[in-house]
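**Q** Predicted model and sequence follow; I will ask about them next.
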Amino acid sequence: QVRLVESGGGLVQAGGSLRLSCAPSGRTFNTYRMGWFRQAPGKDREFVAAISWSGGSTYYADSVKGRFTISRDNAKNTVYLQMNNLKPEDTAVYYCAAHLRTGVRYKPDEYDYWGQGTQVTVSS
């Protein structure tokens, strides 16, 4: 059974930082393209960031560009999302996801594997 396991969520004040981690179990994900999504209460799941299998290409939603950084360490089989200058509107459950399709993917249904999510709450 392939699973993605996220960690690093929590409660932080506006302007603060958090780093999320995603580590798959049951398989090496070094050749997978990875992404982070988030879902706030009552809203659809939305794209946050994505990274190529090598880590050489990264993509961001406009709402997080310049504040969030996605990275990966294939030796550790782990993907990260560094979140700086957090805002209350960043509050959501954050999900890690993986796929093997070509190119960057922005839609949740284009990803094959998902984690259980980790809660990020930003207080004003």
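**A** Happy to help now that I have it. Owing to the predicted nature of the structure, the values given are computational and were not obtained by experimental measurement.
**Q** Which parts of this protein are strands?
**A** Assignment of strands within the chain using DSSP state E yields the ranges 3-7, 10-13, 18-25, 33-39, 46-51, 58-60, 68-73, 78-83, 92-99, 113-114, 118-123.
**Q** List the contacts of the shortest one.
**A** In other words, strand 113-114. Identification of contacts with strand 113-114 by CB atoms under 8 Å, 6 or more residues apart in numbering yields 2-4, 24, 32, 95-99. To be clear about C-beta, it is placed using only N, CA and C from the backbone, and glycine gets the same treatment.
**Q** my guess is residue 120 meets residue 17, correct?
**A** No - Residue 120 lies out of contact with residue 17 (CB atoms under 8 Å); the separation is 11.0 Å.
**Q** These two: which is more packed in?
**A** Ranked by neighbour count (other CB atoms under 10 Å), residue 120 and residue 17 place residue 120 first, with 22 against 11.
**Q** separation between that one and residue 9?
**A** 5 Å (CB to CB, to the nearest Å).
**Q** joint contacts of those two?
**A** Taking CB under 8 Å, 6+ apart as the contact rule, residue 120 and residue 9 both touch 18, 20, 94.
**Q** The second one bridge partners, please.
**A** Here residue 20 shows beta-bridge partners residue 81, assigned using DSSP bridges.
**Q** what number of residues lie near it?
**A** Per other CB under 10 Å, the neighbour tally for residue 20 reads 24.
**Q** Contact partners for it?
**A** Contact partners of residue 20, counting by CB under 8 Å, 6+ apart, are 6-9, 36, 80-81, 83, 94, 96, 118, 120.
**Q** let's see it at 7 Å
**A** Applying CB atoms under 7 Å, 6 or more residues apart in numbering, one finds that residue 20 lies in contact with 6, 8-9, 80-81, 94, 118.
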